[in-house]
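**Q** Curious how this folds, go ahead:
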Amino acid sequence: MTDLAGRFRQLWDEIAPIGRDPRSGGYLRYALTEPELRLRDWFRDQAARRGMPVTDDGNGNLFAWWGDPEAGDAVLTGSHFDSVPHGGAYDGPLGIVSAFLAVDELRTAGVAPVRPLALGAFVEEEGARFGVPCLGSRLLTGALAPQRAAGLVDADGVSFAEAWGGPPAGARPELLGRFAAFVELHVEQGRALIEADAPVAVADAIWPHGRWRLDFTGEGNHAGTTRMADRRDPMLTYAFTVLAANKEARLRGAHATVGRVAVEPNATNAIPSKVTGWLDARAAEQETLSGLVEAVHAKAAERARRDGTDVLLTEESATPLVAFDGGLAGRLAALLGAPVLPTGAGHDAGVLAAHLPTAMLFVRNPTGVSHSPAESATDADCAAGVTALARVLEELACR
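**A** Numbers count the residues shown, from 1 in each chain. You can find the predicted model right below:
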């Protein structure tokens, strides 16, 4: 193990137990809950150890500064702490731990930034608690109205405003204008780096993607006394729609997932009165994605007519194709000698890319599995990621 890999492991072990579920081995680090708040305190402590003052933007996003926060032309790096339910350890936190270690590497080499360097920790990237992914970066950039964000509620009825301690500030153009570039390091959420036999890659694009809620309503009734011919069962419409989404995605070379469902009254001996499912859809082109969602909705509506039920489709979030700054991505790929690849996963980088030059680095995941306890990365590959990020930050902020 190299010295850097050992230092990565030491720092990683400080946060590894936080929010880990002993039964699944996955993480329950929902935004602004106790585990994520502990990680935010850890972020402040790490920044303080390095003499980096921490600011927040009034939306839940934290920034640790090396250099004058008011100077402008700053280079931003970082990621997020929150997880999906029972998610993996590396999705998000790897980018923050790596950023602190990259600062250490630059300082050890005697390299200082000639323009400010900021380390960011964005809030509610996954959308697992309040339902909107990249909530913090959407608020910062003005892509999401603060009034809407304030009213978002979690499964317990707690609003984002209540969890944050007040209404979010919303768009901060004066803060956003201080950044000249953003580079996010992230564990790869696929197998491309395994196949390329490379520890690190540069991303060139994020597929168009979004989340749609499907509300199926029918007639609640007794499971034992209601004749099959008399039923208006929304579960049947829901089940058909899940299968239709799978088929339509495969036909189009796209991705469709229904991984969340809510049932009312959720009783074994009762026909449901309502079923709500959430469709996550992604594709390489916007036209393909739009066609997929339209086809799923049409098939759901057709089936609903046959079942005597109703279906309502509501878009909860949508992100168009994000092509990262070609000049920046190409420059970093040449600097690192790294492969370039697209991704179907959304990130804060995808939101910020509409406002400033943005790039992403991926670190190899030997399982190819993400949003799961099986997500992984070796200490050696994480050290390679830190080295790559340090070189990128030196190139962008120190010359």
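**Q** can you list contacts of stretch 263-270?
**A** Residues from elsewhere that reach stretch 263-270 (C-beta atoms under 8 Å, 6 or more residues apart in numbering): 220, 221, 222, 223, 224, 235, 272, 273, 274, 275, 276. Where you see a C-beta, it was placed from the backbone N, CA and C, and this is true even at glycine.
**Q** Likewise for stretch 131-144?
**A** Contacts of stretch 131-144 (C-beta under 8 Å, 6+ apart): 31, 57, 59-61, 80, 122-127, 146, 149, 152, 160, 168-173, 175-176, 211, 316-317, 319, 346-348, 350-352, 354-355.
**Q** Tell me which two in the contacts of stretch 263-270 are the farthest apart.
**A** 224 and 276 (24.9 Å; C-beta to C-beta).
**Q** hang on, isn't residue 258 packed against residue 276?
**A** No. In this structure, residue 258 is not within contact of residue 276 by C-beta atoms under 8 Å, at 10.6 Å.
**Q** so where's the stretch 201-350 of the chain uncertain?
**A** For the stretch 201-350 of the chain, no stretch is flagged by pLDDT under 70.
**Q** Show me where it has its helices.
**A** Assigned by DSSP state H, counting those that start in this stretch, the helices in the stretch 201-350 of the chain fall at 234-252, 286-307, 326-336, 348-352.
**Q** So which bits of the third one are buried?
**A** Right, helix 326-336. In terms of neighbour count (16 or more other C-beta atoms under 10 Å), helix 326-336 has its buried residues at 328, 329, 331, 332, 333, 336.
**Q** Can you tell me how far the last one is from residue 364?
**A** What it means is residue 336. According to C-beta to C-beta, to the nearest Å, residue 336 and residue 364 sit 13 Å apart.
**Q** for the third one, same thing?
**A** As for residue 331, its distance to residue 364 is 22 Å (criterion: C-beta to C-beta).
**Q** before we move on, what about residue 290?
**A** In terms of C-beta to C-beta, residue 290 sits 33 Å off from residue 364.
**Q** repeat for residue 136
**A** Using C-beta to C-beta, residue 136 is found at 27 Å from residue 364.
**Q** Looking at the two, which is more packed in?
**A** Between residue 136 and residue 364, counted using other C-beta atoms under 10 Å, the more crowded position is residue 136 (28 against 25).
**Q** I'd assumed the more buried one was in a helix, is it?
**A** Yes. Judged by DSSP: H, G, I helix; E, B strand; the rest coil, residue 136 forms part of a helix.
**Q** Please name the residues that touch residue 277.
**A** For residue 277, the contacting residues are 213, 214, 216, 238, 241, 242, 258, 260, 261, by C-beta under 8 Å, 6+ apart.
**Q** Out of those, which is nearest to residue 378?
**A** Distances from residue 378 to these, taken by C-beta to C-beta, are shortest for residue 260, at 31.5 Å.
**Q** what's the closest non-adjacent residue to the closest one?
**A** Distances taken as C-beta to C-beta, 6 or more residues apart in numbering put residue 278 closest to residue 260, at 4.4 Å, once the chain neighbours are dropped.
**Q** ok, now which ones touch that neighbour?
**A** Neighbouring residues of residue 278 by C-beta under 8 Å, 6+ apart: 211, 212, 213, 214, 258, 259, 260, 261, 316.
**Q** what bridges to it?
**A** Note on residue 278: beta-bridge partners by DSSP bridges are residue 213, residue 260.
**Q** ok, back up a step: distance to residue 373 added to the buried residues of helix 326-336, as a markdown table?
**A** Below are these laid out as a markdown table (distance: C-beta to C-beta, whole Å):
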| residue | distance to residue 373 |
| --- | --- |
| 328 | 34 |
| 329 | 31 |
| 331 | 36 |
| 332 | 31 |
| 333 | 31 |
| 336 | 30 |
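**Q** Just the buried ones from the contacts of stretch 263-270, in ChimeraX syntax?
**A** Entered in ChimeraX, the line below selects the buried ones among the contacts of stretch 263-270, by 16+ other C-beta under 10 Å:
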select :220,221,235,272,273,274,275,276
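**Q** Just put the contacts of stretch 263-270 in CSV and tack on distance to residue 312.
**A** Listed next are these as CSV, based on distance: C-beta to C-beta, whole Å:
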residue, distance to residue 312
220, 17
221, 21
222, 26
223, 25
224, 29
235, 16
272, 15
273, 14
274, 10
275, 12
276, 10
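**Q** Correct me if wrong: residue 2 contacts residue 381.
**A** No. The pair residue 2 and residue 381 does not pass the contact test of C-beta under 8 Å, sitting 11.3 Å apart.
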